[in-house]
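K.L.:
Kindly generate the corresponding structure for this input.
(chains A and B)
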Amino acid sequence: MPNIKLFANLRNVAGAKEVSIMGTSVGAVVSELTKWNPALAGHLLENGQIRPHVIITINGHPTSDMEAPVTEQDQIAIFPPITGG
Amino acid sequence: MNGWNGKILEINLTALTYKTYPLDMEIAQQFLGGRGLGARLLWDLVGPEVNPLAPENVLIFTNGPLTATGYQTSNRFSVTTKSPLTGTVLDANSGGFWGMQFKKTGYDVMIVRGKAKSPVWIEIKSGEVTFHDAGDLWGMRVYALTEKLGQDNNRRNVLCIGPAGENLSRIAAIMNDRERALARGGPGAVMGSKNLKAIVVEGKERPDIADQDQFKFMLYETRKLLAASPLTSQALPEFGTVVLMNIMNNIGALPTRNHQQTQFEGAEEISGETLTEKYLVKNSACWACPIGCTRISKTEKVEGEGPEFETTWAFGAQCGIADLAAIIEVNSLCNDLGLDTISAGSTIACAMELSEKGYVDSELRFGRADLLACSVEDMAYRRDLGADMAEGSLRMATKYGHPELSMSAKGMEFPAYDPRGMQGQGLLYATSNRGGCHMRGNMVGLEVLGLPKLIDRFQVQGKSSFVILNQNSNAAIDSLVVCKFTNMGVADEYFARVLSAVTGIQYATGEMIKVGERVWNLERLYNIREGFTRKDDTLPARLLNEAPTEGPSKGWVVQLEPMLKEYYRSRGWDENGIPTPKKLADLKLADL
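P.N.:
The predicted structure is shown next:
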């Protein structure tokens, strides 16, 4: 199962920094994640789509493609909307 | 008059006199205030013959037409001077309360000229200026001095230098409201060179507003926009700016050990999440700011503001240090001594590499958190290797025969984004008018965070147009002056409507970006007059030739040359990076 790392307030909501979730695409992984912890849905989804400014990376590469394939070896990171500098 | 006060205060420290005169409103309308107005005035006042640390250099403090109106984040102000670190035009910008209070003294601009025979401090109350002997204050650190001179956030505000500025460190900051900093480029050294220890302001005047009803509506709308944005209502208040640490590390764009790597194994320990969990006491905010991104953090030794992301990175990943308590403490020490934390941390990292490679005889090594505090003290007092570090990383590395180990552009140390993993950021650093800086534009929004949309961070072609828009937008916001974080919830063009309501002058859609472009080109002209050329629009060889060997940015170097050519063309400049007469005429800069 792909390994998912959570950051910022997603950790507080999920009660975990890291979780392994089934799924063969980014969209499928997010869907499974919100089933595992429904409280995450409000932070990640809006009208069934990924919320604006939620950042998802696969092996360190940001993607906005929910169809992007993922494998068991992939590291997925999910960040809520963040900024700074 | 609406928005602006319409008055300049000019102080002559050599004679200990002052005078006031009207602000040229044609210039004010074209350059607004803050950074833009400061650059325009500097053009007339300081030519290429002036050494930045000579009495002939000036400090130009500017607020803007929105300052102190009560518009969200209208607390900021600028200081403009010729930089002793880079030799370029410099403006440094700060928040807190001092800028608002300065505007309430009745002035838009304060020009400080000359050099006092002995240390002085200046008090401005209700427009009157008093010169005080500062003999007994010289040598004092920032926190004690700020308290002694009566800092009271909403009534009386203190701006000062610490020992670093007195000792003419080229990376010395001017501090205001205790822990806010006009940090970059060494303005504290210019103030020290003038024997000026502090400027205290007290004022009661409020700027007039042309259309009160419209302005109140804009306040209401802005409040709603900032509350609706997850960035300004959640991300910044909850985790502050340091929340960027983990994502920059995740994508392999977190400069580590003086940019030798692009990922830091200790990033989690110095992240915003760890800061919030272990050290956060509460949030704080500047005047009229509903965002409140400031962290008040506490260790066993200190309690105070910060650290911000750039500071945490500079003393953290860049120095190979994963001890967040030590970073919080050295941040506090830098504020007390009056040092720019980005340049201080990055200069120590450069010294660590020089030392590890045997070019400098020193104990400094990456990871030595125990040496941070004494290194910063040595820097402020110019002791031992600290005397070299006080000159900034480029002068220090050059002295020891290895200028290529200074991670800087035009002599200013970079902030926390490795451009090998963000091509646009590389172009932005190389073309920045004040050197390696993320406040002249920052591509992290577009290239990493998807703000407002995600673009390919490794793409080269077409990147210049994004960089130019970013630079122009930042120049406009710095001239209003408001906080750039407001722009996370409020679009550039919205500011034109606010400006119109406040000043009564109709700023059309697109005018804000035009103002920003005018400011950018003027700053470019200033640097060209100082002798800067195309060859100065570059980056250290490490970033151009040494690709990371692992991580998500593996194999990438900055593809600067094709981006630079495209950038000059898109800017309307010639192949040598000089603005064309047509461009200057279009921006109403033809007479310069």
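
K.L.:
tell me the pLDDT at the closest residue to residue B:80 other than its chain neighbours?
P.N.:
Counting by Cβ to Cβ, 6 or more residues apart in numbering or on different chains, residue B:80 lies nearest to residue B:38, which is 2.9 Å off, once chain neighbours are set aside. Just so you know, the C-beta spots here come from the backbone N, C-alpha and C atoms, and that holds for glycine as well. For residue B:38, the model assigns a pLDDT of 98.

K.L.:
wait, is residue B:38 part of a helix?
P.N.:
Yes. Under DSSP: H, G, I helix; E, B strand; the rest coil, residue B:38 falls within a helix.

K.L.:
where's the residue nearest to residue B:151 when sequence neighbours are not counted, which helix or strand?
P.N.:
Of all residues not flanking residue B:151 in the chain, residue B:158 sits nearest, at 4.6 Å (Cβ to Cβ, 6+ apart). Secondary structure from DSSP states H and E places residue B:158 in strand B:157-160.

K.L.:
With residue B:493 instead?
P.N.:
helix B:492-503.

K.L.:
now for that helix, which elements pack on it?
P.N.:
Packing partners of helix B:492-503 (3 or more Cβ pairs under 8 Å, 6 or more residues apart in numbering or on different chains; DSSP states H and E): helix B:212-228, helix B:463-480, helix B:511-529.

K.L.:
Endpoint to endpoint, stretch B:169-181 covers what distance?
P.N.:
One end of stretch B:169-181 to the other measures 15 Å (Cα to Cα, to the nearest Å).

K.L.:
now it, how far from the centre of its chain.
P.N.:
11 Å (Cα atoms, centre = their mean, to the nearest Å).

K.L.:
give me the number of residues near residue 39?
P.N.:
No chain was given, so I picked chain A. Residues near residue A:39, counting by other Cβ atoms under 10 Å in any protein chain shown, number 12.

K.L.:
hm, I was asking about chain B
P.N.:
Residue B:39, neighbours per other Cβ under 10 Å, totals 28.

K.L.:
mind checking how far it is from residue B:117?
P.N.:
30 Å (Cβ to Cβ, to the nearest Å).

K.L.:
And the helices in the stretch 1-150 of chain B?
P.N.:
For the stretch 1-150 of chain B, the helices defined by DSSP state H, counting those that start in this stretch cover B:25-31, B:34-45, B:98-104, B:142-148.

K.L.:
Most tightly packed of these?
P.N.:
The highest mean neighbour count among the helices of the stretch 1-150 of chain B, using mean count of other Cβ atoms under 10 Å in any protein chain shown, belongs to helix B:98-104: a mean of 28.

K.L.:
For it, C-alpha coordinates in CSV please.
P.N.:
What follows is helix B:98-104, C-alpha atoms only, in CSV (Å, rounded to 0.1, in the frame of the first residue of the first chain):
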residue,chain,number,x,y,z
TRP,B,98,6.2,52.2,14.0
GLY,B,99,5.2,52.8,10.4
MET,B,100,1.6,53.6,11.4
GLN,B,101,2.9,55.9,14.2
PHE,B,102,5.3,57.7,11.8
LYS,B,103,2.5,58.5,9.4
LYS,B,104,0.6,60.0,12.4
